[in-house]
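A.B. asks: missing the sequence, but the structure's below:
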């Protein structure tokens, strides 16, 4: 499942994993986001903090007939208003992905897997 575009010079194909890595990189730059979490919470309820090369493990990209749906699993910083952090992250992800890929983004679902105290 890829994002396909055709231009005068040929066709462009962007893989689902590339879209996921781009979305992961964007959300980690948002204020209040400590990092990406794995889609599955570990057995004891702790969320695993992913490194930069594994951001795609914390993102699910689904292609619908009208566009893409993105699910992001994050860990937020302690002491921030979670609803504000998530709302701003959704806006930023939607804007940047639509401009970068020229594809409609139908939904950006953000799942907060944990809260961390940042020293």
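C.D. replies: Looks like it arrived, so ask away. A quick note: this is a predicted structure, and the numbers were derived from the prediction, not measured. Numbering: from 1, shown residues only.

A.B. asks: Look up which helix or strand the residue nearest to residue 102 when sequence neighbours are not counted falls in, please.
C.D. replies: Setting aside the residues directly before and after it, residue 102 is nearest to residue 5 in space (CB to CB, 6 or more residues apart in numbering), at 6.6 Å. C-betas here are computed from N, CA, C, even on glycine. When secondary structure is defined using DSSP states H and E, the element that contains residue 5 is strand 2-7.

A.B. asks: isn't residue 105 right up against residue 67?
C.D. replies: Yes: between residue 105 and residue 67 there is a contact at 5.8 Å, judged by CB atoms under 8 Å.

A.B. asks: in the strand holding residue 5, what counts as buried?
C.D. replies: The neighbour-count check on strand 2-7 (16 or more other CB atoms under 10 Å) flags residue 3 as buried.

A.B. asks: how far is that strand from where the chain is centred?
C.D. replies: A distance of 21 Å separates the C-alpha centroid of strand 2-7 from that of its chain, computed with CA atoms, centre = their mean, to the nearest Å.

A.B. asks: ok, residues contacting that strand?
C.D. replies: 11, 12, 13, 14, 15, 16, 19, 63, 68, 101, 102, 103 (CB atoms under 8 Å, 6 or more residues apart in numbering).

A.B. asks: Can you spell out which residues form a bridge with the closest residue in space to the third one that isn't next to it in sequence?
C.D. replies: Excluding the flanking residues, the one nearest residue 13 by CB to CB, 6+ apart is residue 2, at 4.9 Å. In this structure, residue 2 bridges to residue 15 when assessed by DSSP bridges.

A.B. asks: how close does residue 2 sit to residue 87?
C.D. replies: In this view, residue 2 and residue 87 are 29 Å apart by CB to CB, to the nearest Å.

A.B. asks: Understood, closing this out.
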